[in-house]
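J.: With the input below, show me the fold.
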Amino acid sequence: MKLHELHDNPGATKKRKRVGRGAGSGMGKTAGRGIKGQKSRSGVAIKGYEGGQMPLYQRLPKRGFNMRNPKHYAVINLGMIQKFLDSGKLGTEITETELVDSGVVRRKLDGIRVLAKGEITSVVTITVTGASKAAIDAVAKAGGTLTVTKAAASADTAE
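T.: The predicted model follows:
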C-alpha cells in the first residue's frame, strides 16, 4: 500500500448538505425549515423545550442542598507528605505555605486539607486548614501533631 492509495472505508464520510442553493437542489428557498415560526428563524435554540409538556429537568425530583459559595480545599494525603519528607523537600515543621513552596500541592485554594491515605512514620508538626480524624490520629500515632487552624472555620460561621 502506498500513500496515494489510502482512502476512507465506503460510507465513512458523507457529503455536507448544502441548503439554500436554489429550487433545483431540493433544499432551496426555506432550506428545509418550513414556513414561518420560531424554528424557521436564525438564532433560536429551544434546548429543554418539550412543546408545552413539563420538561424532563423539571419533572425529576430535586434532592439535597447546594451551597452557592462552597469552600474548595487542596487535598493532600499523608503518604505524599511522607514521600516528600523522605526526599528532603519538607522539614519537620510543616505549614500550608511550605506545602505549596515544596510542590506537594499546587495552590492553597481556600486552604489545605490532609487525608489519611498512606502512612506517615516521621515525627512532624503539621498546621493546616483541615484534616480528617483518621489523619490526626495517624500523625499522633507516629509521635507528631496535626493542628487544624480555626481561621477558615470562623470565616464559615461569620457568613
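J.: Export only the CA atoms of stretch 93-107, formatted as PDB.
T.: Output in PDB follows, covering the C-alpha atoms of stretch 93-107 (Å, rounded to 0.1, in the frame of the first residue of the first chain):
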ATOM      1  CA  GLU A  93       7.600  21.900  60.800                       C
ATOM      2  CA  ILE A  94       5.000  21.800  58.000                       C
ATOM      3  CA  THR A  95       2.700  24.700  57.200                       C
ATOM      4  CA  GLU A  96       0.500  25.400  54.200                       C
ATOM      5  CA  THR A  97       3.000  27.800  52.600                       C
ATOM      6  CA  GLU A  98       5.700  25.200  52.900                       C
ATOM      7  CA  LEU A  99       3.500  22.600  51.300                       C
ATOM      8  CA  VAL A 100       3.000  24.900  48.300                       C
ATOM      9  CA  ASP A 101       6.600  26.000  48.100                       C
ATOM     10  CA  SER A 102       7.900  22.400  48.100                       C
ATOM     11  CA  GLY A 103       5.400  21.400  45.400                       C
ATOM     12  CA  VAL A 104       3.300  19.000  47.400                       C
ATOM     13  CA  VAL A 105       0.200  20.900  46.400                       C
ATOM     14  CA  ARG A 106      -0.100  23.300  43.500                       C
ATOM     15  CA  ARG A 107      -2.100  26.100  45.300                       C
END
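J.: which other residues reach it?
T.: Identification of contacts with stretch 93-107 by Cβ atoms under 8 Å, 6 or more residues apart in numbering yields 74, 76, 80-81, 84, 89-91, 108, 111-112, 124-129. Every residue, glycine included, has its C-beta placed from N, CA and C.
J.: Give me the subset of those that lies in strands.
T.: Among these, DSSP state E puts 74, 76, 112, 125, 126, 127, 128 in strands.
J.: re earlier: please indicate which of the contacts of stretch 93-107 are buried?
T.: Among the contacts of stretch 93-107, those scoring as buried are 74, 76, 80-81, 84, 90, 111-112, 124, 126-129 (criterion: 16 or more other Cβ atoms under 10 Å).
J.: Next, count neighbours for residue 103.
T.: Close neighbours of residue 103, defined as other Cβ atoms under 10 Å, add up to 10.
J.: Show me where the protein has its strands.
T.: Using DSSP E, strands in the chain cover 74-77, 93-94, 112-115, 125-128, 130-131, 145-148.
J.: Which strands border the last one, and is each parallel or antiparallel?
T.: Right, the one you point to is strand 145-148. Here strand 145-148 is paired, per DSSP bridges, with strand 125-128 (parallel).
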